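Asks: what follows is a predicted structure for the sequence shown.
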Amino acid sequence: FIVPCDGEYKIELWGAQGGGKGIFVGGLGAYTKGNIHFMEAKKIYLIIGGKGNLPTSSTNIIGGYNGGGGTYGSPTGSFYYNIAGTGGGATDVRIAKSTTKYDNVHKTYISNNTDLFSRIMVAAGGGGGTNGDIDGWKSTGYGAAGGGLIGYNGFGTYYGEYKKTMGGTQTAAGAGQIVTTNHAGPYVNAGFGYGGAQGWAPWGGGGGWSGAGAGGSSFISGHNGCDAISKSSTETNIIHTGKPYHYSGLKFKNTVMIDGAGYSWTNVKGAYTGMPSHDGKSTMTGNSGHGYAKITYLGK
């Protein structure tokens with residue numbers, strides 16, 4: 001987006017929903033909003049999260065675009081999960097052009113870290129849901145909603161055992177399944193900007209500020225409670241500043257953060273409010289389907 005004239009702009013983002021089917025739908029995406037002043041001709045980049053996917057063959061299932069974690073599944077249910085949804089991708093605004101690559105470990109499309117570091121606002125994606133059958137062993141789990149400052153945990157059953165995946169926070173990516181006793185499938189924990197990839201485990205994690213094995217976390221530069229990263233961060237060393245301001249100096253005011261379950265966040269989780277629909281004429285609990293972004297010119 002090339003800024004057409006100096007002035008105040010309102011930016012709204014909706015994260016993508018995780019994949020799922022039936023009553024075990026993917027978690028809904030989060031919502032972020034803020035007003036910011038831009039100078040004419042400035043370029044910003046909007047990356048729209050893709051809804052989590054479902055299997056069409058017995059193969060690795062790619063996560064939703066922009067960081068949704070992948071998984072493995074089969075549409076037949078002959079051996080692996082017949083319904084294993086992947087995570088939904090985050091929707092974000094950044095000041096560096098995105099260079100996207102396919103990450104075969106996490107089974108998702110993510111950006112190079114230098115591009116991820118330039119994000120000034122992120123609306124988290126939801127985790128994938130599952131409803132499958134492995135040799136008569138039922139596996140069920142709801143997709144966790146995309147989070148505010150903290151992503152929601154995922155949970156479900158696997159071979160009759162309770163499994164849990166942890167949501168992302170401002171400073172830490174989510175963790176994969178907690179292994180209990182038998183039949184522990186492989187998993188890859190989440191990282192900065194992408195969700196965890198699950199193997200035989202129930203689902204893929206949502207993308208976000210810090211990714212997750214469940215729901216991702218959101219971020220707004222200038223929002224109290226957010227924890228920005230230092231410009232000195234590297235792929236192997238993410239340095240958090242303890243402050244909510246992006247290193248570019250760009251920050252939002254009048255910020256709003258609502259998770260995919262419809263709860264508003266200041267520096268803590270607050271009451272249920274719902275989030276605005278894309279056209280602003282109604283409210284909804286969380287965002288379903290693909291992510292969405294909206295820019296409104298507010299004047300000089």
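Replies: Cool, the structure landed. Just so you know, these numbers come straight off a predicted model, no measurement behind them.
Asks: next, count neighbours for the closest residue to residue 116 other than its chain neighbours.
Replies: Closest residue to residue 116 apart from its sequence neighbours, by C-beta to C-beta, 6 or more residues apart in numbering: residue 193 at 4.2 Å. Backbone N, C-alpha and C define where each C-beta goes, glycine included. Look at residue 193: counted by other C-beta atoms under 10 Å, it has 28 neighbours.
Asks: how far away is residue 193 from residue 98?
Replies: Using C-beta to C-beta, to the nearest Å, residue 193 is found at 11 Å from residue 98.
Asks: ok, residue 296 next?
Replies: 23 Å.
Asks: what about those two, which has more around it?
Replies: Each of residue 296 and residue 98 has its neighbours counted (other C-beta under 10 Å); residue 98 has more, 17 against 12.
Asks: so that one sits against residue 109, correct?
Replies: No: Residue 98 is beyond contact range of residue 109, at 10.1 Å (criterion: C-beta atoms under 8 Å).
Asks: which residue packs closest to residue 46, ignoring adjacent ones?
Replies: Nearest one to residue 46, counting by C-beta to C-beta, 6+ apart, is residue 293 at 4.7 Å.
Asks: can you spell out which residues form a bridge with the one you found?
Replies: Assessed by DSSP bridges, residue 293 has beta-bridge partners residue 13.
Asks: list the contacts for it?
Replies: 11-14, 46, 48, 91, 93 (C-beta atoms under 8 Å, 6 or more residues apart in numbering).
Asks: now do the residue lying closest to residue 288 once chain neighbours are set aside against residue 264, distance only.
Replies: Nearest non-adjacent residue to residue 288, counting by C-beta to C-beta, 6+ apart: residue 17, 4.9 Å away. Distance check for residue 17 against residue 264: by C-beta to C-beta, it reads 19 Å.
Asks: of the two, who's got more company?
Replies: Each of residue 17 and residue 264 has its neighbours counted (other C-beta under 10 Å); residue 17 has more, 37 against 17.
Asks: what helix or strand is that one on?
Replies: Under DSSP states H and E, no helix or strand contains residue 17.
Asks: what are the bridge partners for residue 253, then?
Replies: residue 35.
Asks: burial count for it?
Replies: Neighbour count of residue 253, defined by other C-beta under 10 Å: 11.
Asks: how much space separates it from residue 195?
Replies: Distance from residue 253 to residue 195, by C-beta to C-beta: 30 Å.
Asks: thought residue 222 was touching residue 252, still the case?
Replies: Yes: counting by C-beta under 8 Å, residue 252 touches residue 222, with 4.5 Å between them.
Asks: which neighbours do the two share?
Replies: Counting by C-beta under 8 Å, 6+ apart, the common neighbours of residue 252 and residue 222 are residue 34.
Asks: between these two, who's got more neighbours?
Replies: residue 252 (25 against 21).
Asks: burial count for the residue nearest to that one when sequence neighbours are not counted?
Replies: Excluding its sequence neighbours, the residue lying closest to residue 252 (C-beta to C-beta, 6+ apart) is residue 34, at 2.7 Å. By the criterion of other C-beta under 10 Å, residue 34 has 23 neighbours.
Asks: surely residue 34 meets residue 8?
Replies: No: counting by C-beta under 8 Å, residue 34 stays clear of residue 8, with 10.8 Å between them.
Asks: let me see the contact set for the closest residue to residue 207 other than its chain neighbours.
Replies: Closest residue to residue 207 apart from its sequence neighbours, by C-beta to C-beta, 6+ apart: residue 67 at 2.6 Å. For residue 67, the contact set (C-beta under 8 Å, 6+ apart) comprises 49, 87, 89-90, 108-110, 125, 193-195, 206-208, 211, 216.
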